[in-house]
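Novice: return a 3D structure for these sequence lines:
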Amino acid sequence: MSKTVIKTTDIAKAYQMGSETIRALKSVSIEIKQGEYVSFMGPSGSGKSTLMNMIGCLDTPSGGQYILNGNDVSDMTENELAEVRNKEIGFVFQTFNLLPRASSLENVALPLIYAGYSKAEREEKALAALAGVGLAERCHHKPNELSGGQRQRVAIARALVNDPSIILADEPTGNLDTKTSYDIMDLFAQLHDKGNTIIMVTHEDDIAEYSHRIVRLRDGLIEKDVVNENPTRINPLKQQAAQEQEA
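Specialist: Have a look, this model is predicted:
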């Protein structure tokens, strides 16, 4: 049986906006096991991004408990949370968040600096991570010399370089065209096949269909939590092209 990597119990998050209290999360309990591929969906204001921030230790809950790999992170200090983020979690963002003046290799190696690796070790691990996403030959290119899809691959390599227990992807295809989006989702499917635990926020149904479990939030609560019995395994555009060729 797979071990539980994430367990939240009645976690809540409230923000103060002037005299008004905004309850972004009301009471969310969820359990995610090692090797799962989960999508969070929901309309704007549903709490999906807030929940992702809690799971990624980018924010702390106002109430409830969050256990990550057996450790209670609910009341950790900022320094402790930073260490957890560096060691346990790989982030992939919609806007890539790459340093514009740094090469692909330097961008990917960045988390390893904080982890205490030597320069030679950093370069070796970063190059291996870039090779894993098919971009070893672009290791010396800067972000402005790469396409949108290539930049997102660099961001994915950076997320993987520290061998995190969880990959968190926040709208990873939001800035990409349809073809490139499906190519990136094919890469996530390959990463999942290798045993990576992936949690993704998306508002696109066709992108969520790649995941094996879909959690829908509304008004700060989980509305539905369903297993996707038939996750997308074949890039829809490639499937369409193959069908047209046969016809």
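
Novice: any chance you could map the strands in this protein?
Specialist: Using DSSP state E, the strands of the chain run over residues 4-17, 20-33, 37-41, 63-68, 71-72, 89-93, 166-170, 197-201, 213-218, 221-227.

Novice: so can I have JSON lines of the ones you listed showing mean pLDDT, distance to residue 180 and mean neighbour count?
Specialist: (C-beta placed from N, C-alpha, C; glycine too.) Formatted as JSON lines, the strands of the chain follow (pLDDT from 0 to 100; distance: least, Cβ to Cβ, whole Å; neighbours: other Cβ atoms under 10 Å):
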{"stretch": "strand 4-17", "mean pLDDT": "95", "distance to residue 180": "29", "mean neighbour count": "16"}
{"stretch": "strand 20-33", "mean pLDDT": "95", "distance to residue 180": "28", "mean neighbour count": "16"}
{"stretch": "strand 37-41", "mean pLDDT": "98", "distance to residue 180": "19", "mean neighbour count": "23"}
{"stretch": "strand 63-68", "mean pLDDT": "96", "distance to residue 180": "32", "mean neighbour count": "18"}
{"stretch": "strand 71-72", "mean pLDDT": "93", "distance to residue 180": "37", "mean neighbour count": "12"}
{"stretch": "strand 89-93", "mean pLDDT": "93", "distance to residue 180": "14", "mean neighbour count": "21"}
{"stretch": "strand 166-170", "mean pLDDT": "95", "distance to residue 180": "15", "mean neighbour count": "23"}
{"stretch": "strand 197-201", "mean pLDDT": "96", "distance to residue 180": "16", "mean neighbour count": "24"}
{"stretch": "strand 213-218", "mean pLDDT": "97", "distance to residue 180": "23", "mean neighbour count": "20"}
{"stretch": "strand 221-227", "mean pLDDT": "97", "distance to residue 180": "28", "mean neighbour count": "12"}
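
Novice: what sits against residue 61?
Specialist: By Cβ atoms under 8 Å, 6 or more residues apart in numbering, the contact set of residue 61 is 8, 11-13, 25, 54, 74.

Novice: ok, which pair from these is furthest apart?
Specialist: 25 and 74 (13.0 Å; Cβ to Cβ).

Novice: pLDDT weak spots in this protein?
Specialist: 1, 239-247 (pLDDT under 70).

Novice: anything in contact with each of residue 25 and residue 74?
Specialist: Residues touching both residue 25 and residue 74 (Cβ under 8 Å, 6+ apart): 11, 61.

Novice: setting aside sequence neighbours, what's the nearest residue to residue 148?
Specialist: Among residues not flanking residue 148 along the chain, residue 176 sits closest, at 5.3 Å (Cβ to Cβ, 6 or more residues apart in numbering).

Novice: likewise residue 97?
Specialist: The shortest distance from residue 97 to any non-neighbouring residue, by Cβ to Cβ, 6+ apart, is to residue 155 (6.8 Å).

Novice: kindly list the longest helix within the protein.
Specialist: When the chain is parsed with DSSP state H, its longest helix is helix 178-193.

Novice: list the buried residues in that one.
Specialist: Within helix 178-193, the residues scored as buried using 16 or more other Cβ atoms under 10 Å are 180-189, 191-192.

Novice: so which of those residues comes closest to residue 59?
Specialist: Closest to residue 59, out of all of these and judged by Cβ to Cβ, is residue 188, at 24.0 Å.

Novice: from residue 24, how far off is that closest one?
Specialist: According to Cβ to Cβ, to the nearest Å, residue 188 and residue 24 sit 26 Å apart.

Novice: how about residue 178?
Specialist: As judged by Cβ to Cβ, residue 178 and residue 24 stand 31 Å apart.

Novice: what's the answer for residue 3, then?
Specialist: Residue 3 sits 29 Å away from residue 24 when distances are taken as Cβ to Cβ.

Novice: ok so, going back, now tabulate the strands of the chain in TSV and tack on distance to residue 112.
Specialist: Below are those laid out as TSV (distance: least, Cβ to Cβ, whole Å):
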stretch	distance to residue 112
strand 4-17	22
strand 20-33	26
strand 37-41	26
strand 63-68	21
strand 71-72	22
strand 89-93	12
strand 166-170	17
strand 197-201	21
strand 213-218	31
strand 221-227	35
